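>>> Provided below for reference: sequence and predicted model.
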Amino acid sequence: MTSLWRRNALTTPPQHKRGIASLRPAYWADLPSLRRLRGETARLDMPEGVVMGMRPVTTALSGMVPWRGLAWTFVYTVDGAARAFVQARPRRGSHTWDVLYLAYGRKDRIGSSEARDEMWSALLDAVTRTAGRRQATRLFARVPDNADAMIALRASGYMAYGREMLYVTSFHKTKPDADHSDAPLRRQSGGDTWAIHQLYTLTTPKAQQFAEARTSSYWDLPGRGSAQAAYWIGEPHEITAYARTLSGEHTHLVDVLFRPEGHGLLGSFVRRILAALPAGEGDLVYCRVLGFQEELAGTLESLGFSLLMRQSLLVKYTTISAREMMPAPVMLPARTRVSARRRVPSLGTVITFPARLWHRVTRPPWPSHTGDRW
């Protein structure tokens with residue numbers, strides 16, 4: 001019996017106790033730990049995060065500075081040590097947030113993929129609660145195909161509402177087109193936002209419009225000195241194609257929106273947009289192709305762009321459906337019944353009315369053939 005017990009003790013693997021887990025906002029002391037959490041990461045803000053040079057540590061640091069508190073970082077700790085974190089940021093002037101980054105430690109220190117998904121789901125739920133307390137109605141994330149973060153996002157209630165493809169090329173200066181008389185390129189001004197919004201509503205599927213919930217103010221550009229610019233061709237009341245650019249340090253992003261009948265003008269339009277970029281030789285230029293405008297992909301490939309990735313557009317709603325109120329009879333004490341007789345009858349209470357009052361309530365609201373009136 002003793003030898004059997006010893007044999008079982010040697011062959012049975014030791015049962016390690018699970019550490020004490022906690023979830024909290026990031027502190028200054030967590031910055032070195034965030035830098036070391038490079039086991040697996042998921043960037044959910046491509047390509048804006050790359051264009052603007054956003055890194056997880058600098059983003060966390062900006063959220064800790066009071067006058068730059070535009071980012072939130074939550075850390076998942078086990079026995080006081082950081083094991084995973086998430087970053088999110090609210091959009092200026094909008095009730096929407098963007099999930100920026102997910103990361104967790106190396107597999108040999110964390111365990112299985114189920115543990116990773118559990119940590120990421122808990123972190124995403126913490127972001128949702130924080131955004132909801134600050135009157136946010138939607139959270140957005142962009143997830144590359146076959147990304148591990150998709151499992152955690154689905155478990156946290158994120159839903160797909162669209163698709164997009166990301167193309168990239170190296171910038172090379174070329175001569176501008178000689179003849180632009182048919183469609184002159186115009187730079188966006190303050191009075192163009194309504195026409196641009198009309199182009200968006202006419203070309204974008206209704207399901208995607210409902211998820212994004214954009215208004216005409218979304219197309220407003222910041223003042224001078226901003227990294228953004230926008231151009232369009234067509235008539236002031238009927239824009240044919242529109243492009244918005246975002247420029248960073250040696251990287252640029254171009255977003256294009258166009259009418260289907262303006263497909264033939266895309267080649268010249270994109271070339272002129274590239275020529276207007278404040279880009280140097282060899283800079284990276286990203287161009288986003290929305291899933292409902294895949295005709296742009298052929299034009300980009302003819303201009304030297306190559307496909308970098310395909311992404312799913314996800315949204316999470318923070319609003320809670322209100323419960324439907326159903327009337328139910330309530331028995332009131334005798335003293336309440338006496339005072340209730342002097343009030344207007346209510347369907348939510350069971351009271352006794354005098355016969356004369358009950359007769360008046362149950363009579364039809366229109367005159368009878370005998371000429372009786374109320």
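Sure thing, it's come through.

>>> ok, the spatially most central residue of the chain to residue 283 distance?
Nearest to the mean C-alpha position of the chain, by C-alpha atoms, centre = their mean, lies residue 140 at 1.2 Å. Computed as C-beta to C-beta, to the nearest Å, the residue 140 to residue 283 distance reads 27 Å. Yep, even glycine has a C-beta here, placed from its N, CA and C like the rest.

>>> and if you look at residue 71?
Relative to residue 283, residue 71 is positioned 26 Å away (C-beta to C-beta).

>>> Could you check which of these two has the larger neighbour count?
Taking other C-beta atoms under 10 Å, residue 71 and residue 283 do not tie; residue 71 has more neighbours (23 against 18).

>>> name the element the residue nearest to that one when sequence neighbours are not counted belongs to?
Once flanking residues are discounted, residue 71 sits nearest to residue 63: 3.8 Å by C-beta to C-beta, 6 or more residues apart in numbering. With elements taken from DSSP states H and E, the one containing residue 63 is helix 56-64.

>>> do you know how far the closest residue to residue 59 other than its chain neighbours is from residue 260?
Among residues not flanking residue 59 along the chain, residue 71 sits closest, at 4.9 Å (C-beta to C-beta, 6+ apart). For residue 71, the distance to residue 260 equals 38 Å [C-beta to C-beta].

>>> what does residue 288 give?
Counting by C-beta to C-beta, the gap from residue 288 to residue 260 is 18 Å.

>>> and what of residue 239?
Applying C-beta to C-beta, the value for residue 239 to residue 260 is 13 Å.

>>> So these two - more neighbours on which side?
A direct count of neighbours by other C-beta under 10 Å for residue 239 and residue 260 places residue 239 higher, at 24 against 10.

>>> Verify the stated contact: the more buried one with residue 196.
Yes - using C-beta atoms under 8 Å, residue 239 is in contact with residue 196, at 6.2 Å.

>>> low pLDDT regions in the chain?
For the chain, residues meeting the criterion pLDDT under 70 lie at 1-18, 66-69, 106-112, 175-182, 224-225, 319-374.

>>> what sits against the residue nearest to residue 59?
Residues in contact with residue 71 (C-beta atoms under 8 Å, 6 or more residues apart in numbering) are 59-60, 62-63, 87-89, 100.

>>> Repeat that for residue 247.
Contacts of residue 247 by C-beta under 8 Å, 6+ apart are 51, 227-229, 253, 277-279.

>>> in what helix or strand does residue 199 lie?
Assigned by DSSP H and E, residue 199 falls in helix 193-203.

>>> repeat for residue 246
strand 238-247.

>>> Dump that strand to CSV, restricted to CA.
These are the backbone C-alpha positions of strand 238-247, laid out as CSV (Å, rounded to 0.1, in the frame of the first residue of the first chain):
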residue,chain,number,x,y,z
GLU,A,238,-22.5,66.8,-56.0
ILE,A,239,-19.0,65.6,-55.2
THR,A,240,-17.7,62.7,-57.4
ALA,A,241,-14.6,61.6,-55.3
TYR,A,242,-13.3,62.6,-52.0
ALA,A,243,-9.9,61.9,-50.3
ARG,A,244,-8.7,62.7,-46.7
THR,A,245,-5.0,62.4,-45.9
LEU,A,246,-3.2,62.0,-42.6
SER,A,247,0.6,62.7,-42.5
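
>>> Strand partners (parallel or antiparallel) of that strand?
Strand pairing for strand 238-247, determined by DSSP bridges: strand 228-235 (antiparallel), strand 251-258 (antiparallel).

>>> tell me the angle of the first one relative to helix 193-203?
Same thing as strand 228-235. Following axes from the mean of the first three to the mean of the last three C-alpha atoms, to 10 degrees, one obtains 70 degrees for the angle between strand 228-235 and helix 193-203.

>>> chain center to strand 228-235: distance?
A distance of 25 Å separates the centroid of the chain from that of strand 228-235, by C-alpha atoms, centre = their mean, to the nearest Å.

>>> So what touches the host helix or strand of residue 270?
Here residue 270 sits within helix 266-276, counting by DSSP H and E. In this structure, residues lying in contact with helix 266-276 by C-beta under 8 Å, 6+ apart are 171, 173-174, 176-177, 180, 183, 185, 229, 231, 233, 241, 243, 245, 254, 256, 258, 285, 287, 295-296, 299-300, 302-303.

>>> quick one: buried residues of that helix?
Neighbour counts using 16 or more other C-beta atoms under 10 Å place 266, 268-274, 276 of helix 266-276 among the buried residues.

>>> tell me which of the residues you listed is nearest to residue 41?
Distance to residue 41, by C-beta to C-beta, is smallest for residue 274 among these, at 30.8 Å.

>>> Check the gap between the closest one and residue 143 for me.
From residue 274 across to residue 143, the span is 28 Å (C-beta to C-beta).

>>> again with residue 127
Distance, residue 127 to residue 143, using C-beta to C-beta: 15 Å.

>>> Repeat that for residue 76.
Look at residue 76 and residue 143: by C-beta to C-beta, they are 20 Å apart.

>>> could you dump the longest helix along the chain to CSV, C-alpha only?
Longest helix of the chain, by residue count under DSSP state H: helix 113-133. Output of helix 113-133 as CSV, limited to C-alpha atoms (Å, rounded to 0.1, in the frame of the first residue of the first chain):
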residue,chain,number,x,y,z
SER,A,113,-4.3,30.5,-25.1
GLU,A,114,-7.5,30.1,-23.0
ALA,A,115,-5.8,32.1,-20.3
ARG,A,116,-4.8,34.8,-22.8
ASP,A,117,-8.3,35.1,-24.1
GLU,A,118,-9.7,35.2,-20.5
MET,A,119,-7.3,38.1,-19.6
TRP,A,120,-8.1,40.0,-22.8
SER,A,121,-11.9,39.6,-22.4
ALA,A,122,-11.7,40.9,-18.8
LEU,A,123,-9.6,43.9,-19.9
LEU,A,124,-12.0,44.7,-22.8
ASP,A,125,-14.9,44.5,-20.4
ALA,A,126,-13.1,47.0,-18.1
VAL,A,127,-12.7,49.4,-21.0
THR,A,128,-16.4,49.1,-21.9
ARG,A,129,-17.4,49.9,-18.3
THR,A,130,-15.1,52.9,-18.2
ALA,A,131,-16.3,54.2,-21.6
GLY,A,132,-20.0,53.7,-20.6
ARG,A,133,-19.5,55.8,-17.4
